[in-house]
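[1] Quick check, what structure comes out for this input:
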Amino acid sequence: MESSFIAHRNKKDMFGFNRTLDYLLAERNFIATNGEMHTQRDLEWIDFLKSIGGPRNIKPAGVYKPSKELKQMVRRGIPVAFRPLVWQKISLSSYHRLDFPKGYYQSLLSKESELEYRVRDDIEKDIDRTFPEHEYFSGRGNGESCLRRILIAYAVHNPDIGYCQSLNFVGGMMLLFMEEEDAFWLLLTVVETLLPKDYYTRTMIGTYTDQYVLNHLVKEHLPELHHAIEEAQLQLPLVTVQWFMCIYVNTLRPEIALRIWDIFLNEGSKVLFRIAISLFKLNESFLLSAKDSGELFVRLRDIGRDIVDPDHLIGYAYKSYKPMSLPNRNSVDFPRDLIGFGLAHTGPMRNETIDITIDSAIEQMISQDFTDECSTSATSVIDDSSETVETSTETPIDQLDKLEIINDNLSTDIKASIEKLKLKCITTVVNADGTDYPVLISDYSKPKDKSKDKLTLSPKSVSNSSKNDNYRRFKRKDIELWREKYRLEVYKQVTEMERNRQIWRQEQLDKQDND
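    Here you go, the predicted model:
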C-alpha cells in the first residue's frame, strides 16, 4: 500500500500535475543542478524584503513603475512561498481592491442569478477542462468550486466581458498559489489593468491587435521565419493566441510559465512579446528545417515544450538579464535545511500537526510585517492525494490571531523579546520520494561576512546566437505605439465581420418567414 502511494506521488511534478516519466526525469535533473542556486536566490529575497521594510513597501501606494532592483529581483524569479503576497504587491491588486467596498466579492457571488444562462453554461463547460491532470481540480480538491466562484464573480462584476475562454486557466493557476478572494482581485487586475481592456471581450479586439503587433515583430526580427510561415500559408495566431490569452500556461512548463508571470505582473504585457520572439529565436533553425507546411505547423504548436531552464529563455528575452551563477560552496555558508529547491512551499503545511504555545509562536515571528503577510498567503494545495496525511493550515500567526493576541495587548517584556528574536522563516524541503515537510531557516540574522554572502553574478549576460538583438530592446512605449497603429485596422475588420454576420442572420430569418 505504501509503495503504491509513493509511486502515485512520483507521477506528479513539483506543482502537483501528473506527468510522464521523461518529464519528471528532466525536472529532477534541473532541480539537482540548480537547487543551491535557487536557495541563494531565496536568501537574496529575504535580505531584499528586510532592506525595504517588508513586502508592503515593494511598490508603495502611488508607485507604479518598478525600481531597477525590483526588476532584477523579479526577473531572477520570485520564491514560490512568496509568490502569493508578492504577486499582489507588484501587480497592485492589493491596492485596486481598496477602490471597492468591503465585502464586494461576496456581494458579487450573491448576484449569480442575474447572469445570463449562456455565461453560466460557458463557465461550467470550461471548469471540467481546467487542469484535469491536477488533483486540486480533478474532483478530490475544492479547486473546481473555487474557480467557479471567481469566474462567476468576475462575470457579474464585468458584464461587458462576462466570461471568455482562457480565463479559466489564468484563474486556475492563481488558485494553486492564492486564497480564493485574492485570486479574484488578481484576475481583475490582470484583465482590466495589465492587459488591454478589450482582450477578453466578445470581439477580442485587444487580442487580435496584439497578434498584428507580434506578426510585425516576427517580420522585423525574423524575416526568414516570417517568409517561411507566409509561404506555407499558415496563420500564426492559430498558435500564438493561446500563448497570450493564457499567459503561456499550457504552452510552457509551469516553472517557466510562472517565471513569465512574475515579470508580467511586475512590468506589464511587453513580456508576452519578448518571450514569443525569444521562443522563435531559440527555435528558428528547427522551424526553418521543416519539410512541409504540416510539419512546420506542428513544430510551431509544440515550440517551447522542451525548454526546462527558465533562465535560458529569459536570458534571450532581456539583454541586461544576469542569471545567478552557482555559488562557491567554500565561500557561502548554506544552512543545510535550505539545500533543496528553494522555498517550495505552495500549500498548507502538512505531515505535522503544529502544537504551538504563545512563546513558541512569538519565536517564529519574522520582523516587521513579513511573517504576518507571507505565512498566511501561501495557502494553495499542491497534492491532496493522501487521506492519511494530517494537515494543518494554521500558521503561528493564525494561532496568535485565534487567541486574539495583538501587539497592542502584549506585555512590555514580550515586545522586548520580539525585538531580540533571530529572523526565522518557514519553508518546505522536498524529499527524494516526493514528500515534503516544513522547516525553519534559523540563525539567519546573525552577523555575516557580507562579502561572502553577496550574490555572485555571471561576468557576462546570456549569450545570443543571433547577431541582431534589437528584439530585446523594445519597450512598453513601443508596444503601445504598435498597438495604436494596428487597433484601427482590427476594429474595421471586426466591425465588417459583425455587419456581415448580422446580414446573414437577417437573411436566415427572412428565409424562415418565407417558408
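
[2] if you skip the residues just before and after it, what's nearest to Met245?
    Ser166 (3.8 Å; CB to CB, 6 or more residues apart in numbering). C-beta coordinates here come from the backbone N, C-alpha and C atoms, glycine included.

[3] With Arg149 instead?
    That would be Leu109: by CB to CB, 6+ apart, it lies 6.0 Å from Arg149.

[4] Share the number of residues neighbouring the one you found, please.
    13 (other CB atoms under 10 Å).

[5] From Leu70, how far off is Trp45?
    For Trp45, the distance to Leu70 (CB to CB, to the nearest Å) stands at 11 Å.

[6] again, but for Met497
    42 Å.

[7] and these two? which has more neighbours close in?
    Each of Met497 and Leu70 has its neighbours counted (other CB under 10 Å); Leu70 has more, 20 against 11.

[8] Name the helix or strand for the more buried one, please.
    Assessed by DSSP states H and E, Leu70 sits inside helix 68-75.

[9] residue ranges of the helices in the stretch 101-250 of the chain, please?
    With DSSP state H, counting those that start in this stretch, the ranges of helices along the stretch 101-250 of the chain come out as 104-109, 117-127, 143-157, 167-175, 180-189, 205-221, 223-231, 237-245.

[10] so which of those helices is the most packed in?
    helix 167-175 (a mean of 24; mean count of other CB atoms under 10 Å).

[11] Going by contacts, tell me the helices and strands next to it.
    helix 117-127, helix 143-157, helix 180-189, helix 254-267 (3 or more CB pairs under 8 Å, 6 or more residues apart in numbering; DSSP states H and E).

[12] now these as TSV including mean pLDDT?
    What follows is the helices and strands packed on helix 167-175, written out as TSV (pLDDT from 0 to 100):
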stretch	mean pLDDT
helix 117-127	94
helix 143-157	96
helix 180-189	97
helix 254-267	96
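
[13] mind putting those helices in a markdown table, distance to Tyr486 included?
    Shown next, in a markdown table, are the helices and strands packed on helix 167-175 (distance: least, CB to CB, whole Å):
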| stretch | distance to Tyr486 |
| --- | --- |
| helix 117-127 | 28 |
| helix 143-157 | 27 |
| helix 180-189 | 25 |
| helix 254-267 | 21 |
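
[14] For Lys219, find the nearest of those.
    helix 254-267 (23.2 Å; CB to CB).

[15] Kindly calculate the angle that whichever helix or strand comes after that closest one makes with helix 223-231.
    Downstream of helix 254-267, the first helix or strand assigned by DSSP H and E is helix 270-282. Put simply, helix 270-282 runs at 90 degrees to helix 223-231, going by axes from the mean of the first three to the mean of the last three CA atoms, to 10 degrees.

[16] Tell me the helices and strands packed up against the next helix or strand after helix 270-282.
    The helix or strand immediately downstream of helix 270-282 is helix 284-288, counting by DSSP H and E. Applying 3+ CB pairs under 8 Å, 6+ apart, we find helix 284-288 packed against helix 223-231, helix 293-301.

[17] Specify the angle between the first one and helix 237-245 in degrees.
    If I follow you right, that is helix 223-231. 120 degrees.

[18] isn't there a strand covering Ile78?
    No. Ile78 is assigned coil when assessed by DSSP: H, G, I helix; E, B strand; the rest coil, not a strand.

[19] that older thread, quick one: residues contacting the residue nearest to Arg149.
    149, 152-153, 156 (CB atoms under 8 Å, 6 or more residues apart in numbering).

[20] tell me the contacts of Gln493?
    Tyr208.

[21] Regarding it, which helix or strand does it belong to?
    helix 476-514.

[22] Could you do Glu44 as well?
    helix 21-51.

[23] That helix packs against which elements?
    Looks like helix 21-51 contacts helix 68-75 (3+ CB pairs under 8 Å, 6+ apart).

[24] report the angle between the axes of the helix it packs on and helix 270-282?
    Using the same axes, to 10 degrees, helix 68-75 lies at 50 degrees relative to helix 270-282.

[25] Any figure for the gap between Phe15 and Glu179?
    Distance from Phe15 to Glu179, by CB to CB: 17 Å.

[26] so where is the stretch 401-515 of the chain shaky, pLDDT-wise?
    Along the stretch 401-515 of the chain, the parts satisfying pLDDT under 70 run over 401-474, 515.

[27] what about Lys197, neighbour count?
    14.

[28] so what's it closest to, chain neighbours aside?
    Going by CB to CB, 6+ apart, Lys197 has Gly206 as its nearest residue, at 6.9 Å.

[29] Surely the one you found is in contact with Glu192?
    No. Counting by CB atoms under 8 Å, Glu192 is not a contact partner of Gly206; they are 11.3 Å apart.

[30] picking up where we left off before, is it possible to export the helices and strands packed on helix 284-288 to CSV including distance to Trp482 and mean pLDDT?
    CSV is the format used below for those (distance: least, CB to CB, whole Å; pLDDT from 0 to 100):
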stretch, distance to Trp482, mean pLDDT
helix 223-231, 15, 95
helix 293-301, 22, 94
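
[31] So for Ser278, which of those helices sits nearest?
    Per CB to CB, nearest to Ser278 of those: helix 223-231, 12.9 Å.

[32] Name the surrounding residues that touch the closest one.
    215, 218-219, 236, 280, 284, 287-288, 290, 296, 300.

[33] and that helix with helix 205-221, angle?
    120 degrees.

[34] Specify the angle between helix 223-231 and helix 293-301 in degrees.
    130 degrees.

[35] From Tyr64, how far off is the nearest residue to Tyr199 once chain neighbours are set aside?
    Leaving aside its chain neighbours, Tyr199 sits nearest to Gly206 (3.9 Å; criterion: CB to CB, 6+ apart). For Gly206, the distance to Tyr64 equals 20 Å [CB to CB].

[36] swap in Ala81?
    26 Å.

[37] Provide a list of residues in contact with Asn142.
    Here Asn142 is in contact with Tyr136 (CB under 8 Å, 6+ apart).

[38] and if you look at Glu498?
    Neighbours of Glu498 in contact, by CB under 8 Å, 6+ apart: Thr203.

[39] one more time with 10 Å, if that's ok
    202-203 (CB atoms under 10 Å, 6 or more residues apart in numbering).

[40] what separates it from Gln233, distance-wise?
    26 Å.

[41] more crowded one of Ala81 and Tyr64?
    A direct count of neighbours by other CB under 10 Å for Ala81 and Tyr64 places Ala81 higher, at 24 against 9.
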